[in-house]
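In: okay, structure incoming, though there's no sequence with it:
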C-alpha cells in the first residue's frame, strides 16, 4: 500500500517543493493528480501520486477543498507534468488550480457546461457522448493522427 498524508490546502506547494527537493524524499515524478467528489460531505479531495526515481518509493499527498469552491495552488512550477493532470481535474470536476499557466478544458468541448464527473451532474442530452466522440474523431482526422503510411 502506498503511504499517504493529508495536508492543508494552504501548505500544498510548500510541502510539494520540500518532498521534491529534499534528498531523503527526492520525489521527482508526479504520476497523477486526480479528484474525488464527496457531495454528502460537501468536499472534493485532490490526490497527488508522487514517485522517486532515485529511491524507488512513492507517496500520496491528499488535500480536502470545499465543494462549492474547490481551489488549490497549481504544482506545475514543481512538476511540469502536472499541467494536463490539473487541466483534466479542472475540466471534469471543476477544481481550480490557481497559478496554472493554461487552465482550460482538455477533455470536454470549450462550450461544455458543468463538470461531468461530479456526482450530481445531470446529462441533459443523452446524445452528448455520440456528438463528442464524432467531434473528437474529426479533430483527430484533421491532425492526421489516424492515418497510416
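Out: In hand now; what should we look at? These numbers come from a predicted model, not from an experiment.
In: this protein: helices as residue ranges?
Out: 12-21, 82-93, 128-143 (DSSP state H).
In: ok now the helix or strand of the chain with the lowest mean pLDDT, how far from the chain's centre?
Out: Ranked by mean pLDDT, DSSP states H and E, the weakest helix or strand in the chain is helix 128-143, scoring a mean of 80. With C-alpha atoms, centre = their mean, to the nearest Å as the basis, helix 128-143 stands 22 Å off its chain's centre.
In: just name the most buried of the helices of the chain.
Out: helix 82-93 (a mean of 21; mean count of other C-beta atoms under 10 Å). Any C-beta I mention is one placed from the backbone N, CA and C, and that applies to glycine too.
In: residues in contact with that helix?
Out: With contacts defined as C-beta atoms under 8 Å, 6 or more residues apart in numbering, helix 82-93 is touched by 30, 32-35, 37, 44, 46, 70, 74-76, 95-97, 100-108, 115-118.
In: as a whole number, average confidence for that helix?
Out: Throughout helix 82-93, pLDDT has a mean value of 98.
In: just want the angle from it to helix 12-21.
Out: Interaxial angle, helix 82-93 versus helix 12-21 (axes from the mean of the first three to the mean of the last three C-alpha atoms, to 10 degrees): 140 degrees.
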